[in-house]
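Asker: Sequence first, then the predicted structure:
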Amino acid sequence: MSHCSPTGLLAAAVTPMAETGDVRLEAIAPLVEFLIEAGIDGLYVCGSTGEGMSLTTAERQAVAAEFVAASAGRIPVLVQVGHNSLREAAELARHAQRIGAAGISATCPSYFKVDSIDGLLACMQEIASAAPQTPFYYYHIPALTGNRLSMPEFMERAPAALPNFAGLKFTTQELHEFERCRRIAARHQQQVYWGVDEMLLGAVAMGANAAIGSTYNIAAPLYLRMLRSAADNDWSQAARCQSLAIDMIALLMEYPFHAALKATLEMQGIEAGPPRRPLDTISTAQKTQLQQRMRALGILD
């Protein structure tokens, strides 16, 4: 199966919610328009930023369908379908294919750990085979899954086990391992998406041409300016952009991250709401403080 993977900046989209924690499907279309106008090249939905693991299967299907419908073919939508139940993950994969997602992606099960490449391939085969006509990307995020198996070895072996294997979402700081995976992917016309916003410029310097990130929701113009500067060989300006992004992320991390990210979107006119438990919310006073500090950084007008 040949693949033409999306490139550029893909926003790991938030899932809009009401104060009750209920999903607000009607708020997805305005979010999609906001991100397209900001210059985003694609969407990654129901992932970590989108709180996919806190949603029911029915909610995840509804959210994915709304994002695909709202994008209306203008930008590609990748749907994260990972689940501790492989059967639920397979059902989510089938649904993503039915609605016309540009790709599916999945974490490995994380309660009962996968402790071998053979086991990981078997798990991913069960998911990927449920959507055989849709490109499949493994989502490597060891900080949340606890899985630290060798991704270069996985990349070498995946094409034989997964006919629709298209690459990897690489969300960990090991830039040297990312580069090994990127070289393997290049041989097979696959893609490795960089997933650590604080280190995007380093990945670009190593040859990355695609990234998926949470803070692209609120600061796509900053990251696009970074990429343009790097393409123009103005590495000093690119480094200044990355430095500002680092400061912005450090500020978000002083608060419950998801709540602060969604609150910043609200400050930009997008109804994102709070995160769902078990993630923490932030107070009105904290939001006011965050807004002042984001404005001081130049992230908000």
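Answerer: In hand now; what should we look at?

Asker: Work out for me the element the residue lying farthest from the centre of the chain sits within.
Answerer: Most distant from the centre of the chain: residue 285, at 29.1 Å, with distances by CA atoms, centre = their mean. Here residue 285 sits within helix 284-297, counting by DSSP states H and E.

Asker: For the stretch 101-250 of the chain, just list every one of the helices.
Answerer: Counting by DSSP state H, counting those that start in this stretch, the stretch 101-250 of the chain has these helices, from start to end: 117-128, 142-145, 151-161, 175-187, 200-205, 216-231, 235-253.

Asker: Any chance of these in TSV with mean pLDDT and distance to residue 273 as columns?
Answerer: The C-beta positions use only the backbone N, C-alpha and C, and glycine is treated the same way. Shown next, in TSV, are these (pLDDT from 0 to 100; distance: least, CB to CB, whole Å):
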stretch	mean pLDDT	distance to residue 273
helix 117-128	98	29
helix 142-145	96	22
helix 151-161	98	34
helix 175-187	97	33
helix 200-205	98	27
helix 216-231	98	13
helix 235-253	99	17
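
Asker: For residue 45, find the nearest of the ones you listed.
Answerer: Counting by CB to CB, residue 45 lies closest to helix 216-231 out of the helices of the stretch 101-250 of the chain; the figure is 11.6 Å.

Asker: any idea of the angle that closest one forms with helix 284-297?
Answerer: Angle of helix 216-231 versus helix 284-297, following axes from the mean of the first three to the mean of the last three CA atoms, to 10 degrees, is 20 degrees.

Asker: and helix 216-231, what does it pack onto?
Answerer: Contacts defined by 3 or more CB pairs under 8 Å, 6 or more residues apart in numbering; DSSP states H and E place helix 216-231 against strand 8-12, helix 28-38, helix 200-205, helix 235-253, helix 257-267.

Asker: Can you name the residues in contact with it?
Answerer: Residues outside helix 216-231 that contact it (CB atoms under 8 Å, 6 or more residues apart in numbering) are 9-14, 35, 38-40, 49, 197, 200-201, 204-205, 213, 215, 235, 237-238, 241-242, 244-245, 248, 261, 264-265, 268, 299.

Asker: now these: which count as buried?
Answerer: 9-14, 35, 38, 40, 49, 197, 200-201, 204, 213, 215, 238, 241-242, 244-245, 248, 261, 264-265, 268, 299 (16 or more other CB atoms under 10 Å).

Asker: Now do the same contact list for residue 201.
Answerer: By CB under 8 Å, 6+ apart, the residues touching residue 201 are 226, 230, 238, 239, 241, 242.

Asker: Tell me the one among those residues nearest to residue 185.
Answerer: residue 230 (20.2 Å).
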